[in-house]
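> coords below, sequence missing:
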């Protein structure tokens with residue numbers, strides 16, 4: 001079986017096997033990488049992010065495919081060379097990232113049996129094994145922090161190893177399911193295409209735009225956090241925002257909320273099991289103060305949440 005391997009310094013090694021030959025024919029086809037975007041590829045154990053971006057130097061035609069993903073700007077920034085990661089003084093933060101990991105994030109709406117996000121990879125950073133608990137992140141000693149890298153300057157990531165996780169978590173994609181966003185099944189996917197590798201990296205590193213735009217957004221978020229910490233920011237409670245959006249649903253499906261705040265009812269409603277009748281569950285939760293209109297009282301939790309959301313459209 002012929003194989004393709006992404007290797008150091010922008011190499012792309014193809015091994016062609018012939019039943020009549022004792023050894024495979026080995027060639028570096030990096031200069032023609034654009035022709036192999038739809039071919040399965042393996043990652044060399046020593047592969048880094050910098051190696052991937054160097055592939056664009058060897059095969060500039062790749063920019064014609066990935067230009068809209070800010071490939072030109074990202075490669076220009078990477079050409080300036082690596083930088084050490086910034087330090088914050090927080091031990092968990094300063095432990096940094098041990099390696100970058102591409103991973104699958106398939107989603108299944110178990111109500112409609114519709115699949116989504118089956119072709120794209122996502123990217124995050126994996127920190128070292130913690131020696132003590134990192135309470136700010138809810139991660140215990142012996143575990144690893146998974147870091148978003150969409151706002152991290154690419155030059156700080158260049159020397160990090162790049163790995164592919166074959167483990168596959170398939171999450172619930174029905175927003176009205178109680179388990180929305182949680183794993184509904186697990187599996188493995190041990191085949192990935194060259195184009196998927198490149199696309200997954202660029203999609204994450206350029207999620208906010210090119211390097212300049214990403215830096216602008218990062219600075220803006222830091223400024224907002226400084227205002228919040230200083231107590232000078234004008235904040236609006238999330239419950240106030242949802243109350244206006246939820247009003248049509250409450251008017252359509254409920255007789256009364258009594259003296260219960262809408263936010264409390266909304267939180268309770270989303271905690272009811274998908275197959276549990278909504279009326280009796282809310283009776284129990286609020287001692288009969290919250291009354292669902294008779295036509296909807298026995299609707300199961302997931303179906304009721306769909307009706308509630310539809311009322312606000």
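It's in. Nothing here was measured: the structure is a model prediction, and the numbers come from that model. Residues are numbered from 1 along each chain as shown.

> ok, the spatially most central residue of the chain - contacts?
The residue lying closest to the centre of the chain (CA atoms, centre = their mean) is residue 122, at 5.6 Å. Contact analysis of residue 122 by CB atoms under 8 Å, 6 or more residues apart in numbering lists 102-105, 200, 203-204. Just so you know, the C-beta spots here come from the backbone N, C-alpha and C atoms, and that holds for glycine as well.

> ok, how many other residues are close to residue 231?
By other CB atoms under 10 Å, 7 other residues sit near residue 231.

> Mind putting the contacts of residue 122 into a markdown table with pLDDT, neighbour count and secondary structure?
As requested, the contacts of residue 122 are exported to a markdown table (pLDDT from 0 to 100; neighbours: other CB atoms under 10 Å; DSSP: H, G, I helix; E, B strand; the rest coil):
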| residue | pLDDT | neighbour count | secondary structure |
| --- | --- | --- | --- |
| 102 | 97 | 19 | strand |
| 103 | 95 | 19 | strand |
| 104 | 93 | 23 | strand |
| 105 | 90 | 15 | coil |
| 200 | 97 | 21 | helix |
| 203 | 96 | 17 | helix |
| 204 | 96 | 19 | helix |
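
> for this protein, what helix or strand is lowest in average pLDDT?
helix 91-94 (a mean of 80; mean pLDDT, DSSP states H and E).

> quick one: secondary structure of the residue lying closest to residue 111 once chain neighbours are set aside?
Once flanking residues are discounted, residue 111 sits nearest to residue 174: 4.7 Å by CB to CB, 6 or more residues apart in numbering. Residue 174 carries the three-state label coil when classified by DSSP: H, G, I helix; E, B strand; the rest coil.

> what do you get for residue 96?
Residue 96 ends up coil, using three-state DSSP.

> From residue 187, how far off is the residue nearest to residue 80 when sequence neighbours are not counted?
Once flanking residues are discounted, residue 80 sits nearest to residue 155: 6.3 Å by CB to CB, 6+ apart. According to CB to CB, to the nearest Å, residue 155 and residue 187 sit 36 Å apart.

> now swap in residue 196 and tell me
In terms of CB to CB, residue 196 sits 17 Å off from residue 187.

> Next: residue 38.
Applying CB to CB, the value for residue 38 to residue 187 is 22 Å.

> now swap in residue 147 and tell me
In terms of CB to CB, residue 147 sits 25 Å off from residue 187.

> show me where the stretch 151-300 of the chain has helices.
For the stretch 151-300 of the chain, the helices defined by DSSP state H, counting those that start in this stretch occupy 194-205, 211-230, 238-253, 262-270, 278-286.

> starting at the chain centroid, how far to the second one?
Using CA atoms, centre = their mean, to the nearest Å, we find the averaged C-alpha position of helix 211-230 to lie 21 Å away from the chain's own average C-alpha position.

> For the residue nearest to residue 80, give me its contacts.
Neighbours of residue 155 in contact, by CB under 8 Å, 6+ apart: 77-78, 80-83.

> Name the helix or strand for residue 26, please.
Assigning secondary structure by DSSP states H and E places residue 26 in strand 25-28.

> Distance from the chain centre to that strand, please.
From the chain centre to the centre of strand 25-28 is a distance of 36 Å (CA atoms, centre = their mean).

> got it, and stretch 119-138?
That offset, for stretch 119-138, works out to 13 Å (CA atoms, centre = their mean).

> Would you mind listing the buried residues in it?
Using 16 or more other CB atoms under 10 Å as the test for burial, stretch 119-138 gives 121-127, 130, 134, 137.

> Out of those residues, which sit inside strands?
Cross-referencing the buried residues of stretch 119-138 against strands under DSSP state E gives 121-126.

> In a markdown table, list these along with pLDDT.
Formatted as a markdown table, those follow (pLDDT from 0 to 100):
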| residue | pLDDT |
| --- | --- |
| 121 | 95 |
| 122 | 96 |
| 123 | 97 |
| 124 | 97 |
| 125 | 97 |
| 126 | 96 |
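
> Looking at those, which one is closest to residue 302?
Nearest to residue 302 among those, counting by CB to CB, is residue 122 at 26.7 Å.

> Fine by me, thanks again.
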